[in-house]
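J.: the sequence isn't on hand, but the structure is:
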């Protein structure tokens, strides 16, 4: 009788441990992204609450909104993370829907191209070892850069179609 009870306890204990190990923790999910250029941060939000914050590098001339192609500024405004590229020239990249209609109208008014190809991305391929040190200087052409590991988290947390607001 003792052996049956002991066997039952052992089986129950291992089954509880097994369930605890296979149960995944609540995954990081976001329904909105906010970039604060002055603070050099990217925030993931869920239902209006910040769930994760990352330090970022921006365009090489980060003050002010992007107004034309080649100005090395990160845009300001409300956009959408509309598609991703797992095989870009950077570790991975998620496209920001810049330019929006307002950006195009402003560029037309000034007789310039608004530019495009703005992404949230990791480090250039082959430079992953640089890690967080990449944030010591704003270096992108207008994109928002994080480490490769951080981009993996963002990649999993943010589905295509998620709004992104980039503030001054």
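T.: Structure received. Keep in mind that what you see is a predicted model, and the values were worked out from it rather than measured.
J.: next SSE after the helix or strand bottoming out on mean pLDDT in the chain?
T.: The least trusted helix or strand in the chain, going by mean pLDDT, DSSP states H and E, turns out to be helix 2-22, with a mean of 43. Going down the chain from helix 2-22, the next helix or strand is strand 32-36, by DSSP states H and E.
J.: name the strands paired with that following strand and say parallel or antiparallel.
T.: Paired neighbours of strand 32-36 in the sheet (DSSP bridges): strand 41-46 (antiparallel), strand 162-167 (parallel).
J.: that one: which residues count as buried?
T.: With burial defined by 16 or more other CB atoms under 10 Å, the residues of strand 32-36 counted as buried are 32-35. Where C-beta positions appear, they are placed from N, C-alpha and C, glycine not excepted.
J.: now do stretch 63-82
T.: Those would be 65-67, 71-77, 79-81, for stretch 63-82 by 16+ other CB under 10 Å.
J.: likewise for stretch 120-132?
T.: For stretch 120-132, the neighbour count (16+ other CB under 10 Å) marks 120-124 as buried.
J.: how about stretch 145-162?
T.: 145-148, 150-151, 153-155, 157-158, 162.
J.: may I see these arranged in CSV, with pLDDT as well?
T.: Shown next, in CSV, are those (pLDDT from 0 to 100):
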residue, pLDDT
145, 98
146, 98
147, 98
148, 97
150, 98
151, 97
153, 97
154, 98
155, 97
157, 97
158, 97
162, 98
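J.: and these, which is closest to residue 97?
T.: Nearest to residue 97 out of the buried residues of stretch 145-162 is residue 162 (CB to CB; 10.7 Å).
J.: this completes my enquiry, with thanks.
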